[in-house]
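Asks: Here is my input, please return the structure:
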Amino acid sequence: MEFASPQFWVAGLEIIIINILLSGDNAVVIALACRNLPPAQRRLGIFWGVVGAVVLRVILTFFAVQLLLLPYLQLLGAALLVWIGIKLIADGLPASTPDGQGNPGLFDLGSAERIEVLRGPFSALYGNHSGGVVQVFSESGSTPPTAGADLEFGSFGFQRYALKGGGATGAFNGIASASYLSVDGYRDHSAARKAQFNTKLGYQLDAGNRLTLVATGFNQPNAQDPLGLTQAQVQQNPRQAQPVAITFNTRRSLDNLQGGLIWDSALGEHDSLRVLAYTGSRSNEQFLAIPLEAQQAATSSGGLSSLDRDITGGSVQWTRRQDLFSGPLTLTAGAEYDTSAEARQGFINNLGVQGALKRDEDNTVDSLGVYAQAEWQFVPNWSLSAGVRYTKVDFTSEDRYIATGNPNDSGSTSYGEWTPTVGLLYSVTPSFNLYASYGRAFETPTTAELAYRPDGRSGLNFSLQPSTSDQVELGAKALLGETTRLNVALFSIRTEGEIVIARNTGGRSSFSNAGDSSRLGAELMLESELGAGLSTHVALTFLNARFDTAFRSCAPLTPFCNPVTGANTAVVASGNRVPGVPNASLFADLAYRNPALGLRGALELVANGPVAVNDFNSEYAAGYAIANLWAGLEQFVGRWRFREFARVNNLFSKQYIGAVIVGDANGRYYAPAPTRNLLVGVTATYSF
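Replies: I've put the predicted structure just below:
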């Protein structure tokens with residue numbers, strides 16, 4: 001996937017998330033039809049050292065994930081918590097931790113061949129925190145071998161340098177890439193740097209057995225966080241950092257290293273087996289803007305959060321394909337086990353310098369899941385898919401920081417849930433399909449959500465409970481002639497015990513359970529070749545996300561709040577909009593391609609509806625619409641291929657809010673997006 005592609009630089013985090021979860025191809029249709037997909041396109045179940053099976057089923061959708069990798073989006077601060085609830089997978093290895101936290105920075109798009117997104121009821125089969133599933137698949141080495149380099153430069157000091165090479169010979173193939181990216185940032189105090197590598201090696205043992213080795217890693221040191229702004233500050237100067245961000249030098253450092261081995265085996269005419277094992281480590285150090293007086297409190301965890309996490313897991317997958325009463329039948333059954341061991345510490349943030357220890361604990365998360373699924377075309381035009389999964393997640397915390405006023409907060413908790421799914425597909429004609437599906441999803445609190453108690457006491461927030469959701473989707477897919485594709489869908493998601501932000505201040509969030517919520521929506525996707533090299537792509541989503549029952553939460557702009565005792569809380573009314581979610585989103589483009597001239601380009605429109613910034617809906621980030629323009633050239637000179645591109649984002653330099661920090665206690669809800677900005681780049685590739 002090329003950085004010059006129109007998908008790469010679509011601005012705005014909210015529209016990205018909406019498109020990931022709600023837009024693009026409807027997962028169910030392909031899920032029901034996946035009996036014809038090869039094993040490599042089905043998701044693995046995981047069960048360390050135990051034989052079982054899991055399905056890997058991934059559904060293609062359109063653009064979206066790439067933007068989240070760019071370090072300068074650190075300006076969004078706490079908004080990256082939206083990745084909680086989305087399961088991330090890179091070349092079969094989980095980029096999410098066992099408790100459900102995902103880091104899209106682990107994806108290396110420089111070597112990505114494709115990105116696939118599964119959302120809707122059947123994402124529940126991927127287990128805890130799989131309200132959506134994003135998978136990145138790296139390229140495989142091919143013949144002839146190639147080696148190339150990328151250079152990219154842009155506004156706000158953006159620079160990216162990358163190398164990539166790969167090839168195949170005999171039974172062996174492989175690809176490796178490495179990149180370095182730095183940016184000064186649109187806002188003050190938003191500079192970032194990132195170094196990354198990705199390697200995938202494959203070896204064909206014999207006709208029925210193949211080994212694949214995957215290794216990934218990245219280092220992102222001291223990425224500055226400018227924090228959110230108030231409405232008045234946005235009007236005054238949207239590029240400024242929050243003053244306390246400078247005072248406390250708010251920043252975040254990330255390190256990730258992960259590797260895994262995959263064995264694919266054909267067991268016979270009807271059966272196949274896949275076994276996967278992986279291990280890795282992740283570290284996170286974050287300096288927060290918390291007043292020194294508050295940090296000194298006996299129960300405070302300080303203003304510097306530091307954690308080191310080791311993760312391990314594995315999988316076995318068995319798949320059987322056969323006919324039943326002359327109809328294709330695919331059976332899968334599986335199990336998975338993942339574990340993480342986390343050392344979490346807290347220190348005083350003494351104006352950007354590490355101070356005294358305030359927290360010290362060891363946290364362990366174990367996740368076990370088993371499931372089975374069947375897909376059957378029982379008559380020529382009808383297909384049925386049904387599955388069930390059981391997930392169990394255990395949290396254990398051992399407190400090592402015990403002091404006067406800060407007791408031993410060791411403890412443990414366990415969550416488990418069955419999640420069934422069922423879907424029905426009717427092929428009216430070969431070019432027109434109707435479908436209906438139902439699924440139940442299960443989302444436990446993550447370690448990050450358990451980390452702090454809303455009442456300010458020390459220890460983990462073990463009172464937080466999982467949320468469960470029932471999802472229903474109805475839709476249609478149609479080919480209109482030979483050049484146009486249309487998808488439409490209606491969906492309903494009803495959630496019990498929604499996990500919401502109870503309090504958010506200085507970059508630190510605590511969470512609680514609300515009552516029930518609902519998300520009702522519709523989506524449309526249109527792709528068409530218009531002739532003369534022109535094409536268009538339109539994705540439109542309408543979403544009505546609201547709380548169905550009233551609940552109490554910290555009142556806006558209160559200096560202190562205790563949701564447990566009710567101090568400084570207020571009632572969130574039934575019918576209020578769920579914050580952080582736009583009521584509508586749109587992506588549309590008009591693209592041109594002339595292969596004879598090596599010319600391509602597009603004009604894009606990105607639009608987002610207004611977004612509530614807290615549960616009380618007391619303020620909104622206004623909706624917006626922006627235009628982007630890009631063009632690229634390609635030439636072949638002997639064994640060399642050259643590509644150049646130029647891109648202008650936010651063509652008319654509109655000022656708008658790109659993301660919100662939900663429920664910020666100081667009213668610093670808003671993260672302004674960049675105005676007009678330019679990106680240019682060149683790629684040179686040599687074929688041996």
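
Asks: Can you show me the helices along the chain?
Replies: 13-22, 27-33, 231-236, 243-247, 292-295, 447-450 (DSSP state H).

Asks: how many neighbours does L267 have?
Replies: A total of 12 residues lie near L267 under the criterion other Cβ atoms under 10 Å. Using the backbone N, CA and C atoms, a C-beta is placed for each residue, glycine as well.

Asks: if I pick the closest residue to it other than its chain neighbours, what's in contact with it?
Replies: With Cβ to Cβ, 6 or more residues apart in numbering as the criterion, L267 has its nearest non-adjacent residue at 5.6 Å, and that residue is L273. L273 makes contacts with 53, 263-267, 316-319, as judged by Cβ atoms under 8 Å, 6 or more residues apart in numbering.

Asks: And for N562?
Replies: 454-456, 568-569.

Asks: Of those, which pair is most distant in space?
Replies: G456 and T569 (13.5 Å; Cβ to Cβ).

Asks: and the gap between the nearest residue to V578 once chain neighbours are set aside and S517?
Replies: With Cβ to Cβ, 6+ apart as the criterion, V578 has its nearest non-adjacent residue at 4.0 Å, and that residue is A545. Note on A545: its distance to S517, by Cβ to Cβ, to the nearest Å, is 7 Å.

Asks: What of S281?
Replies: According to Cβ to Cβ, S281 and S517 sit 36 Å apart.

Asks: Would you mind measuring from the nearest residue to A266 once chain neighbours are set aside to S272?
Replies: Residue nearest to A266 in three dimensions, not counting chain neighbours: G208, with 3.7 Å by Cβ to Cβ, 6+ apart. According to Cβ to Cβ, G208 and S272 sit 9 Å apart.

Asks: Return every residue with contacts to both of those two.
Replies: Contact with both G208 and S272 is made by residues 265-266, according to Cβ under 8 Å, 6+ apart.

Asks: Show me which of these two is the more surrounded one.
Replies: S272 (20 against 13).

Asks: returning to that earlier point: compare the contacts of L273 and tell me which has the most neighbours.
Replies: Counting neighbours by other Cβ under 10 Å, the top entry in the contacts of L273 is Q317, with 29 neighbours.

Asks: pLDDT value on that one, please?
Replies: We have a pLDDT of 88 for Q317.

Asks: Touching, N363 and T447? I think so.
Replies: Yes - with contacts counted by Cβ atoms under 8 Å, N363 reaches T447, the gap being 5.9 Å.

Asks: which neighbours do these two share?
Replies: 342, 344, 395.

Asks: and the second one, how many neighbours?
Replies: Neighbourhood size, R344 [other Cβ under 10 Å]: 21.

Asks: State the distance from it to I89.
Replies: 25 Å.

Asks: just D310 next, same as before
Replies: 19 Å.

Asks: Between these two, which is the more surrounded one?
Replies: Neighbours per residue (other Cβ under 10 Å) separate D310 from I89, with I89 holding more: 24 against 14.

Asks: ok, now which ones touch that one?
Replies: Listed by Cβ under 8 Å, 6+ apart, the contact set of I89 reads 43, 95-96, 133-136.

Asks: which stretches of the stretch 101-250 of the chain have low pLDDT?
Replies: Within the stretch 101-250 of the chain, the stretches with pLDDT under 70 are 103, 105, 119-125, 127-131.

Asks: Okay, strands next: where are they in it?
Replies: Along the stretch 101-250 of the chain, counting by DSSP state E, counting those that start in this stretch, strands occupy 112-119, 132-138, 146-154, 158-169, 172-183, 192-206, 209-224.

Asks: which one of those strands is the most hemmed in?
Replies: Among the strands of the stretch 101-250 of the chain, the stretch with the highest mean neighbour count (mean count of other Cβ atoms under 10 Å) is strand 132-138, at a mean of 25.

Asks: now for the longest strand seen in the chain, which elements pack on it?
Replies: The longest strand of the chain (DSSP state E) is strand 353-379. Secondary-structure packing of strand 353-379 (3 or more Cβ pairs under 8 Å, 6 or more residues apart in numbering; DSSP states H and E): strand 304-324, strand 327-350, strand 382-399.
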